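>>> Generate a structure from the sequence data that follows.
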Amino acid sequence: MNDSDNKQGTLPRVLLVDGMALLFRAFYATSYSGYIMKTSDGKPTNAVFGFVKYFWDAVQRFKPTHIVCCWDMGSKTFRSEQFTEYKANRVDCPEELIPQFDLVKEVTSSFGVVNVGIPGYEADDCIGTLAKHFSQDAEVYILTGDHDMLQLVAERVRVVIMKKGQGNYAVYSPESLLEEMQLTPKQIIDLKGLMGDTADNYPGVKGIGEKTALKLLVEYESIEGILENLALLPKGVRSKIETQLDMLHLSRSLATICCEAPVACALESCFWEMDRHSVLSKFEELEFRGLMKLIG
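Prediction:
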């Protein structure tokens, strides 16, 4: 996104929100003490409350003209069909969080934000597909806490990683990603393929960690480059890769965000124009008095 691409803000700016990342982050940030915020009739709302604060801060900071919020739609996806152990290590969702999945979508809808999710695909895939589509005519900012999304960084796509503490962000462009990690967005996929991902429960090449994977990618550029130069690798590293080739390729496939998901969302349908009355009405219903002054 050069200045010449968006001189005087001529391009629209789309904010793609990783809804699950914000909701889970908000739940754990507000429940660590054991206290769960609830309405007077006992409905848990702590995660939704925290989500709104994160969402609003990002809207104020990045000033989008358009917003879409993307969601997972259940645990069964094309990845779990490829590899049955994919995300099988996830603990059960906290009981107090379950009713907040639908509630948070009611809140985003009250803001006039489009909610998107496709059964069989993850929110990441919806975000990747929409980022690719929208970046033809707009600049795109992806709000998430998930470093896997760095593979989506492009000339008109920024990935905004939420850091510890509200309002702290790391914004990645192709240049800043290369400077910080010595990797291109495409190499992020190969990095995951080599080292695996404990959060998503796929192993990569056992015995190869981030440090070795980074060194290999900086030297040989890609998994293909590494495989073409196996004979030059230290014996231990070569042996690990040779004996786990199938899992290496499967892990890279699992790490790849699908940018061709069957999701359609016209730019004009996600124009950001908050209906203040609708939001205040929803806040009143959820007893979010502390948030009313937030939106003025």
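>>> How many neighbouring residues does the nearest residue in space to Ile226 that is not next to it in sequence have?
Among residues not flanking Ile226 along the chain, Tyr220 sits closest, at 4.6 Å (CB to CB, 6 or more residues apart in numbering). In this view, the C-beta of every residue, glycine as well, is placed from N, C-alpha and C. Tyr220 has 18 neighbouring residues, counting by other CB atoms under 10 Å.
>>> Surely Tyr220 touches Leu214?
No: with contact taken as CB atoms under 8 Å, Tyr220 and Leu214 are classed as non-touching, separated by 11.4 Å.
>>> which residues touch Gly193?
204, 223, 248-249, 251-253, 255 (CB atoms under 8 Å, 6 or more residues apart in numbering).
>>> Without its sequence neighbours, what residue ends up closest to it?
Using CB to CB, 6+ apart, the closest residue to Gly193 is Arg252 (3.0 Å).
>>> Which of the helices or strands spans the one you found?
helix 245-255 (DSSP states H and E).
>>> helices or strands up against that helix?
Counting contacts by 3 or more CB pairs under 8 Å, 6 or more residues apart in numbering; DSSP states H and E, helix 245-255 packs against helix 78-82, helix 185-195, helix 223-228.
>>> And the next helix or strand after the last one, what's buried?
Translated: helix 223-228. Once the chain leaves helix 223-228, the next helix or strand it forms, by DSSP H and E, is helix 235-243. By neighbour count on 16 or more other CB atoms under 10 Å, the buried set for helix 235-243 is 237, 240-241.
>>> mind listing what's buried in the helix holding Arg252?
Here helix 245-255 shows 247-248, 250-252, 254-255 as buried, counting by 16+ other CB under 10 Å.
>>> what's next to it, contact-wise?
79, 82-83, 86, 148, 151, 189-190, 192-194, 196-197, 200, 202-205, 223, 241.
>>> if we can go back for a sec, which single one of the contacts of Gly193 is nearest to Asn229?
For the contacts of Gly193, the closest approach to Asn229 (CB to CB) belongs to Ile223, at 11.1 Å.
>>> hang on, that closest one packs against Gln187?
No: Ile223 lies out of contact with Gln187 (CB under 8 Å); the separation is 9.5 Å.
>>> Quickly list what's touching both of those two.
The contact sets of Ile223 and Gln187 do not overlap (CB under 8 Å, 6+ apart).
>>> coming back round to it: the contacts of helix 245-255, buried ones only, as a PyMOL selection?
Entered in PyMOL, the line below selects the buried ones among the contacts of helix 245-255, by 16+ other CB under 10 Å:
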select buried, resi 79+83+86+148+151+189+190+192+193+194+196+197+200+202+203+204+205+223+241
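>>> And for Thr77, the neighbour number?
By other CB under 10 Å, neighbour count at Thr77 equals 20.
>>> I should have written Thr198 there, sorry.
Thr198 has 10 neighbours, counted by other CB under 10 Å.
>>> pLDDT score for it?
Thr198 is assigned 83 on the pLDDT scale.
>>> roughly how far apart are it and His277?
Thr198 sits at a distance of 46 Å from His277 (criterion: CB to CB, to the nearest Å).
>>> now do Tyr169
Counting by CB to CB - Tyr169 and His277 are separated by 30 Å.
>>> Ok, Leu214 next?
For Leu214, the distance to His277 equals 51 Å [CB to CB].
>>> wait, what's in contact with the nearest residue to Met149 once chain neighbours are set aside?
Sequence neighbours aside, Val159 is the residue nearest to Met149 in space, at 4.9 Å (criterion: CB to CB, 6+ apart). Val159 is in contact with 142, 144, 149-150, 152-153, 171-172, counting by CB under 8 Å, 6+ apart.
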